[in-house]
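J.: Build me a model from this:
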Amino acid sequence: VTVAGDTRFDRVTDIMESCVEIPQAAALTRDASLTIVAGSTWPPDESNLLPCFNAHPGMKLIIAPHEVNEERIAAIESQLNRPSCRLSTATPEEAAKCDCIIVDCYGKLSSAYRYGNIAYIGGGFGVGIHNLNEAAVYDIPVIFGPHYHKFKEARDLIKCKGGFSFSNKEEFDAIIEPIVNDKKLREQYGKNAGNYVKENLGATRIIYADIVGR
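T.: The predicted model follows:
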């Protein structure tokens with residue numbers, strides 16, 4: 001028996017190294033001191049995240065709901081009291097005048113994380129969180145809801161202080177405020193997350209070597 005590890009760490013690293021520029025996101029974040037990228041969100045995630053965004057004028061937000069349809073996009077827009085645009089229709093010039101981009105198309109999220117300083121990963125109030133490593137690979141801390149216990153990477157990220165879980169608005173505020181307000185702390189947490197991914201690379205190589213010969 002050979003314990004190879006998890007090839008998903010190699011996969012997210014490959015995706016990061018081949019990520020594409022999103023001109024609208026680049027324009028949105030060009031002069032931003034802090035950007036949150038929220039991936040695969042559901043309404044319970046947004047009920048915690050969006051009030052925080054509204055309350056921080058210097059913060060930018062890129063949010064990609066898990067379900068992309070008009071009802072979900074409109075629901076997010078209705079909760080924003082700051083300028084926003086939709087990725088599919090906005091020009092970079094229009095995005096530069098906004099504070100939030102709503103990713104209303106598929107296939108962009110993995111590249112969007114490169115523009116963030118903090119990642120919020122959705123699904124933690126439902127059956128389980130979505131892909132944490134996809135964001136952590138960019139050396140940014142990840143925040144997620146309470147239903148994470150069956151995900152080893154979530155438990156590991158919490159242990160190394162690269163990931164943080166919460167169950168209610170009070171806990172969310174207690175986690176997010178220090179990360180938002182302390183750049184050094186934020187960067188250290190992000191480094192912890194990125195190092196966790198780096199330390200778990202190599203499973204693909206081990207499996208390949210065992211199949212085709214060393």
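
J.: Identify all contacting residues around stretch 28-35.
T.: Residues from elsewhere that reach stretch 28-35, judged by CB atoms under 8 Å, 6 or more residues apart in numbering: 56, 58-62, 95-96, 98-101, 115-118, 180. Yep, even glycine has a C-beta here, placed from its N, CA and C like the rest.

J.: and if we set it to 10 Å?
T.: By CB atoms under 10 Å, 6 or more residues apart in numbering, the residues outside stretch 28-35 that reach it are 22, 25, 37, 56, 58-62, 84-85, 87, 90, 92, 94-101, 112, 114-119, 140, 179-181, 183, 186.

J.: Type out the ChimeraX command that picks the buried ones from those residues.
T.: Buried subset of the contacts of stretch 28-35, written as a ChimeraX selection, criterion 16 or more other CB atoms under 10 Å:
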select :22,25,37,56,59,60,61,62,84,85,87,90,94,95,96,98,99,100,101,112,114,115,116,117,118,119,140,179,180,186
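
J.: Now go through the contacts of stretch 28-35 and say which are in helices.
T.: Counting by DSSP state H, the contacts of stretch 28-35 place 25, 92, 94-96, 112, 179-181, 183, 186 in helices.

J.: Low-confidence ranges, this structure, go.
T.: Within the chain, the stretches with pLDDT under 70 are 214.

J.: re earlier: adding distance to Ile129, write the ones in helices among the contacts of stretch 28-35 out as a markdown table.
T.: Formatted as a markdown table, those follow (distance: CB to CB, whole Å):
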| residue | distance to Ile129 |
| --- | --- |
| Ala25 | 23 |
| Pro92 | 31 |
| Glu94 | 32 |
| Ala95 | 28 |
| Ala96 | 32 |
| Ala112 | 17 |
| Ile179 | 18 |
| Val180 | 21 |
| Asn181 | 25 |
| Lys183 | 26 |
| Arg186 | 20 |
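
J.: Same question for whatever helix or strand Asp14 lives in: list its buried residues.
T.: Secondary structure from DSSP states H and E places Asp14 in helix 7-17. Neighbour counts over helix 7-17 (16+ other CB under 10 Å) mark 7-13, 15-16 as buried.

J.: can you give me the strands for the protein?
T.: Ranges of strands in the chain, per DSSP state E, are 34-41, 59-65, 84-86, 100-102, 118-121, 142-144, 163-165.

J.: how about these in CSV, adding distance to Glu71?
T.: CSV is the format used below for the strands of the chain (distance: least, CB to CB, whole Å):
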stretch, distance to Glu71
strand 34-41, 14
strand 59-65, 10
strand 84-86, 14
strand 100-102, 13
strand 118-121, 21
strand 142-144, 24
strand 163-165, 28
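
J.: Measure how buried Glu171 is and give me the count.
T.: By other CB atoms under 10 Å, the residues close to Glu171 number 15.

J.: From the centre of the protein outward, give me the first residue you hit.
T.: Ala119 (3.2 Å; CA atoms, centre = their mean).

J.: That one: what's it in contact with?
T.: Contacts of Ala119 (CB under 10 Å, 6+ apart): 35-39, 62, 112-113, 132, 134-136, 138, 140-144, 163, 190, 193.
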